[in-house]
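Trainee: the amino acid sequence is not available; the structure is as follows:
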């Protein structure tokens, strides 16, 4: 971990990781563009712009790696509820991601009216709420109300297993 | 006085009970969402985009106008009553506003913010009505080479003005441009960066990117660093101002408006720069006056000026959006995407092709602004109570509505996967201090730039000279060179103290 706790590390190693990802994206953009065909009588074609973007990305990635090596440390974004002095709380973030993935997998099977409620209550639980029953009730009200709202707008969401009940 | 006639026509169209109702709903929803900590105006517009499904384009734009101004006002309420600033545009308001609130002058701080926003928004919108037609008339004559250069200029300006590091600004920009490449090439219909999937062939919707980066990214980032002891909220009664407050606010309101509007109309990072300039100006003027200099302990001038600058620049953003189809802020990007989804192509011809839409929108902005004052001054104590929402439920709600928004577009779980991916991107850019705006602008301007680039070079059969075939284009390239060189030169002579204040975003 490279969080800024106590003494600030001289080099933010994670930033090398970011530079590497950007380099891979840049190179991939160039490779992908090279597979495109340029039609006859099309002086520019679909390749030039991706080449420019990919090349720019590679340059930025290298510059970022150099800056990192020279001791450039990023300033994390601040906000009303953000406390940057604390260590990153990965378990909470992973719980949230897990809940969102679960919703993604289930939403077309059992319907938004149910998964939405679980999403709300689950996320509140992950963030430290102690009132699970209350959160479930609030979540159910929100998800059923939003289902009817979209039905009313003429964009019905799939009802899932509640088909015929809603 | 043709403009006034057209605007009057816009008012006549906007003054239907239904549109007034939509404007009121927009203002209420916008303020509601904007007051919530962690949500700025751009995220408010992105999250509330789905509520306009099934409405016609004018109704949708009227609601958005309300949401936008409401969200801005909500943001200032948050920064005055909480002791930490939210979005970058409110940083300057928070400095003196929070100190006023702590001294028991929250009511006056909220009042000067609301009235200043109203005055700046009204003057700003009227200026939009006067400038946009003239600019659009000129812009129709602008060819592809110049248009490409102008877009490049706006990207360079936004990228180099914002944030503490240019590398990070450009990293964000190129991430956005790469996202914008995904999908079918517009002229040859070949897939680019789609990894062979059909779902990506149509490209990635800007709404998914924006909601992912803004809402999910913010929720993940906050979850990783949640303040365990909630911030203190200062209670507030009915906002009001005494005679002395009026006297001290009037000047800052007008000066803030004068600073904010031009900065909003050019791509210079939205309200960040003018709010900062307004604060510095008012502080200097107060010092010159001597005796009643309250700066540092809650000076009303320090709230009135930046708030007016903030709203005037919010109005100024409509000039390039309506006259050129060029978004310069994240909110403008989402409005542009919303317009496009109705099959309307914003650009220099918009004023001629959709005059009713434009003038009704401008009239609605004025109406929304007035409603904001009428509705929000009495409701301030209620809004203040929203700040006490327990954080687990607040961020659970943000995730709920973000997911709902992405899912409702096509009821496709694949979009939820994309949303999650962009949530991860949003987390990463917050972790690494990369500004959001260049990324969002890159996504929407990238494809537009490619079209203009190919148009320009097709005319010259692929010769690079095609980019310089118009004198306007050459002028713009010179401006780009200046924009890249001047900040570097200024950086050499800038004092460390200035540096610190700008990083506060």
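Mentor: On my side now, so go ahead. Computed from a predicted model, the values in this text were never measured in an experiment.
Trainee: now residue B:360: how far from chain A?
Mentor: Applying CB to the nearest CB, to the nearest Å, the value for residue B:360 to chain A is 22 Å. To be clear about C-beta, it is placed using only N, CA and C from the backbone, and glycine gets the same treatment.
Trainee: by contact count, what packs against the strand or helix carrying that residue?
Mentor: For residue B:360, the host element (DSSP states H and E) is helix B:355-386. On a contact count with 3 or more CB pairs under 8 Å, 6 or more residues apart in numbering or on different chains; DSSP states H and E, helix B:355-386 meets helix B:2-14, helix B:17-35, helix B:57-81, helix B:106-139, helix B:318-324, helix B:350-353.
Trainee: what residues are up against residue A:27?
Mentor: With contact set as CB atoms under 8 Å, 6 or more residues apart in numbering or on different chains, residue A:27 has these partners: A:54, A:58.
Trainee: brain fart, residue B:200
Mentor: Residues in contact with residue B:200 (CB under 8 Å, 6+ apart) are B:182, B:183, B:191, B:193, B:194.
Trainee: so after the helix or strand containing residue A:107, what's the next helix or strand?
Mentor: Assigned by DSSP H and E, residue A:107 belongs to helix A:90-110. Following helix A:90-110 in sequence order, the next helix or strand is helix A:112-126 (DSSP H and E).
Trainee: buried set for the helix or strand following that next one?
Mentor: Per DSSP H and E, helix A:112-126 leads on to helix A:132-153 as the next helix or strand towards the C-terminus. Of the residues in helix A:132-153, A:135, A:136, A:138, A:139, A:140, A:142, A:143, A:144, A:146, A:147, A:149, A:150 count as buried by neighbour count, 16 or more other CB atoms under 10 Å in any protein chain shown.
Trainee: so which of these also contact chain B?
Mentor: Checked against chain B using CB under 8 Å from any CB of the partner chain, these yield the following neighbours: A:135, A:138, A:139, A:142, A:143, A:146, A:149, A:150.
Trainee: number of residues surrounding residue B:217?
Mentor: By the criterion of other CB atoms under 10 Å in any protein chain shown, residue B:217 has 25 neighbours.
Trainee: residues contacting it?
Mentor: Applying CB under 8 Å, 6+ apart, we find residue B:217 in contact with B:422, B:423, B:424, B:425, B:426, B:427, B:429, B:430.
Trainee: in space, what's closest to the fifth one - neighbours in sequence excluded?
Mentor: This points to residue B:426. Closest residue to residue B:426 apart from its sequence neighbours, by CB to CB, 6 or more residues apart in numbering or on different chains: residue B:217 at 1.6 Å.
Trainee: any idea which element that neighbour lies in?
Mentor: Assigned by DSSP H and E, residue B:217 falls in helix B:217-224.
Trainee: run the chain-centre distance for that helix.
Mentor: Centroid separation for helix B:217-224 versus its chain: 21 Å, with CA atoms, centre = their mean, to the nearest Å.
Trainee: average pLDDT for it?
Mentor: Average pLDDT, helix B:217-224: 92.
Trainee: in chain A, where is pLDDT below threshold?
Mentor: By pLDDT under 70, the low-scoring segments of chain A are A:1-10.
Trainee: okay, now whatever residue of it ends up closest to chain B: neighbour count?
Mentor: Closest residue of chain A to chain B, CB to the nearest CB: residue A:43 (3.0 Å). By other CB under 10 Å, 15 other residues sit near residue A:43.
Trainee: so who does the spatially most central residue of chain A touch?
Mentor: By CA atoms, centre = their mean, chain A has its centre lying nearest to residue A:97, at 8.9 Å. By CB under 8 Å, 6+ apart, the residues touching residue A:97 are B:220, B:420.
Trainee: check residue B:447 too.
Mentor: Counted by CB under 8 Å, 6+ apart, residue B:447 has contacts B:180, B:181, B:186, B:203.
Trainee: if we go to 7 Å?
Mentor: Contacts for residue B:447 (CB atoms under 7 Å, 6 or more residues apart in numbering or on different chains) come out as residue B:180.
Trainee: how about the one 10 residues further on?
Mentor: With contact set as CB under 7 Å, 6+ apart, residue B:457 has these partners: A:43, A:44, B:466.
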